[in-house]
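Asks: Provide a 3D model corresponding to the input given below.
(chains A and B)
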Amino acid sequence: MRLSRYFLPVLKETPAEAQIVSHRLMLRAGMIRQQAAGIYSWLPLGYKVLKRIEQIVHEEQQKAGHLPLLMPTLQSAELWQKSGRYDAYGPEMLRFTDRHDREMLYGPTNEEMITDIVAAYVSSYKALPLTLYHIQWKFRDEVRPRFGVMRGREFLMKDGYNFDLTKEDALHAYNRHLVTYLRTYERMGLQAIPMRADSGPIGGDYTHEFLVLAETGESEVFYDSEITELTFGDRAIDYDDKAECQAVLEEFTSRYARTDETHDEAAFGEIPEERRRSARGIEVGQIFYFGTEYSEKLGAMVTDAEGQKVPLHMGSHGIGVSRLLGAIIEASHDDKGIIWPEGVTPFHAGIVNLRQGDAATDAACEQLYAGLQAKGLEPLYDDRDERAGGKFATMDLIGLPWRVTVGPRGLEKGVVELTSRKTGESEEMGLEAAIDRLAQIYEGIA
RNA sequence: CGGGGCGUAGCGCAGCCUGGUAGCGCAUCUGCUUUGGGAGCAGAGGGUCGCAGGUUCGAAUCCUGCCGCCCCGACCA
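Replies: Model (predicted):
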């Protein structure tokens, strides 16, 4: 993309309404625009990152055999009356009536609807196991939305639901989700720690929240520092292997890690003092096994091998997709702007032409631009007639992980400059070498 | 939902107390000079002062009501 043809309304000054760094940077980098309290338009740059995150979530879910579908944002009140949550939910649920005076709502979640779908079509244990998920906009009419996309009213969420014959199978689905989540967050450059969570009004013993450590996190968390040394990495895993998935769960949840809701001072005290940590965290996902409650209320039953009708064991598993942009920025920025991890960056590299209009620099930039594209990369070429300082400031603000600087000074020596946004370190090299280096960096990521 | 604050140009703000033809910086446009970390000079355009009533010869300014947004707390992915 050529910056002269892009839509990137960056702001030099920080809008007054933004308090936390991710919100400020998203506004300044021209990623979002607020349209009402907790409701945002996603401008091209923000939309690109959102789509990138969504894509990673899709890929990791599908690797585990989970099936994508799409349910509507608007729902009829009927299903919610059946489950009993229509009254239980309270004013957070946005309700309205259509022209025929039918009660409708903007879905805050989809347990009822997915259960209705499964109840309608699945009647034999042979159709199991089954995990369906979607990535869809949700609405929760928060009393006090804040922190930009971290706590909006409208938000994009991946919610997945597993349907299994037995508790054992459902717990395998739970473990499977834990593995997919570990992989998903790592691909986004995040360390998200699974912490034992409060199961809330639904009840049940099996639930973990995934938290990204950040000073601006809303939850207070307590953990054993050993847990931050764990990474899933690129190890192979067979999602159908129950023992293997169980082992991952045990590996990642055996150390103390809890939010303040479930914090236990006595258990925490048993950790060696030098490993005890308390910090703040941003919740970016939750996995939950809750048994047969919804399947019983909504009639999701199958006939088992003995010919008995039994309710399905269910769990639901969410990832806050839009919130993740905020979380990633909170975890990865400096005083100049955002620093995108390579896995989610909107553009793979920025090309800065220091002397727009100069035949040699223009030609070198075009060559870079075409060369990177030929390698399957997407560069953002700053071809505006701006001064160097402005171009650098924009690149730093929008956070592309790599920048190639092309100026007359370097070209005389036959080199361009490749700079890491994260470390600030620059290296001079030939133009083709820069293309090859970037292709190498993104191998397996882009 | 309790407490506090703010709505003036795209963004950041002053003006309001003490009523008298709406201002500054950034951004935008034009010209010239500049050109490796948000340049300089000269000029230009852009505002229903959140909305509605009221007081007044006259309201951004005073009064009343409403709307929107933000912050702290309680709550939540």
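Asks: for chain A, what spans make up the helices?
Replies: Using DSSP state H, the helices assigned to chain A run over residues A:21-28, A:44-63, A:77-83, A:85-88, A:111-121, A:167-187, A:242-253, A:265-269, A:293-298, A:321-331, A:359-374, A:388-398, A:408-412, A:431-441.
Asks: Any idea which of the ones you listed gets closest to RNA strand B?
Replies: helix A:388-398 (2.4 Å; Cβ to the nearest atom of the strand). Using the backbone N, CA and C atoms, a C-beta is placed for each residue, glycine as well.
Asks: Counting by contacts, list what the closest one packs against.
Replies: Judged by 3 or more Cβ pairs under 8 Å, 6 or more residues apart in numbering; DSSP states H and E, the packing partners of helix A:388-398 are strand A:337-338, strand A:349-353, strand A:379-382.
Asks: run the last query once more with 6 Å
Replies: The contact analysis (3 or more Cβ pairs under 6 Å, 6 or more residues apart in numbering; DSSP states H and E) places helix A:388-398 against no helix or strand.
Asks: Give me the residues contacting it.
Replies: A:10, A:29, A:336-337, A:350, A:352, A:354, A:382, A:403 (Cβ atoms under 6 Å, 6 or more residues apart in numbering).
Asks: and RNA strand B, which of these reach it?
Replies: Contacts with RNA strand B within those, as defined by Cβ under 7 Å from any atom of the strand: A:10, A:336, A:354.
Asks: circling back: please list only the buried members of the contacts of helix A:388-398.
Replies: A:10, A:29, A:337, A:350, A:352, A:354, A:382, A:403 (16 or more other Cβ atoms under 10 Å).
Asks: For these, work out which two are farthest apart.
Replies: Greatest spatial distance among those (Cβ to Cβ): A:A29 and A:L354, at 21.8 Å.
Asks: which one of the helices of chain A is the most hemmed in?
Replies: Stretch with highest mean neighbour count among these: helix A:321-331 (a mean of 26; mean count of other Cβ atoms under 10 Å).
Asks: Centre of the chain to it, how far?
Replies: 7 Å (Cα atoms, centre = their mean, to the nearest Å).
Asks: Now that helix: average pLDDT?
Replies: Regarding helix A:321-331, the rounded mean pLDDT is 95.
Asks: same question, stretch A:289-298
Replies: 91.
Asks: ends of that stretch, how far apart?
Replies: 17 Å (Cα to Cα, to the nearest Å).
Asks: Out of the buried ones among the contacts of helix A:388-398, which comes closest to A:K297?
Replies: A:A29 (45.2 Å).
Asks: Show me where the stretch 151-300 of chain A dips below the pLDDT cut-off.
Replies: For the stretch 151-300 of chain A, residues meeting the criterion pLDDT under 70 lie at A:200-205.
Asks: ok, 80 please
Replies: For the stretch 151-300 of chain A, applying pLDDT under 80 flags the ranges A:198-205.
Asks: Flag every residue of it that's near RNA strand B.
Replies: Going by Cβ under 7 Å from any atom of the strand, the residues of the stretch 151-300 of chain A near RNA strand B are A:151-153, A:155, A:157, A:200, A:209, A:218-219, A:283-284, A:286.
Asks: could you flag which of the residues you listed are buried?
Replies: Taking 16+ other Cβ under 10 Å as the criterion, what is buried in these is A:151-153, A:155, A:157, A:209, A:219, A:283-284, A:286.
Asks: Make JSON lines out of the buried ones among the contacts of helix A:388-398 and add pLDDT.
Replies: Compiled in JSON lines, these are given as follows (pLDDT from 0 to 100):
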{"residue": "A:V10", "pLDDT": "94"}
{"residue": "A:A29", "pLDDT": "96"}
{"residue": "A:G337", "pLDDT": "96"}
{"residue": "A:G350", "pLDDT": "98"}
{"residue": "A:V352", "pLDDT": "97"}
{"residue": "A:L354", "pLDDT": "96"}
{"residue": "A:D382", "pLDDT": "96"}
{"residue": "A:R403", "pLDDT": "98"}
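Asks: Can you say which of the helices of chain A is nearest to A:Y6?
Replies: helix A:44-63 (6.7 Å).
Asks: Show me what the closest one is packed against.
Replies: Against helix A:44-63 (3+ Cβ pairs under 6 Å, 6+ apart) you get helix A:167-187, helix A:321-331.
Asks: My guess is A:V284 contacts A:A327. True?
Replies: Yes - assessed by Cβ atoms under 6 Å, A:V284 is found in contact with A:A327 at 5.2 Å.
Asks: Which neighbours do the two have in common?
Replies: Joint contacts of A:V284 and A:A327 (Cβ under 6 Å, 6+ apart) are A:V212.
Asks: Surely A:I338 and A:L25 touch.
Replies: Yes - using Cβ under 6 Å, A:I338 is in contact with A:L25, at 5.2 Å.
Asks: intersection of neighbour lists for those two?
Replies: A:I329.
Asks: Over to stretch A:403-416 now: how far is its first residue from its last?
Replies: Start-to-end, stretch A:403-416 (Cα to Cα) is 10 Å.
Asks: do stretch A:19-38 as well
Replies: End-to-end distance (Cα to Cα), stretch A:19-38: 14 Å.
Asks: which outside residues touch that stretch?
Replies: So stretch A:19-38 is contacted by A:8-11, A:14-15, A:18, A:40-43, A:45-46, A:145, A:147-148, A:152-153, A:216, A:326, A:329-330, A:333, A:337-338, A:397-398 (Cβ under 6 Å, 6+ apart).
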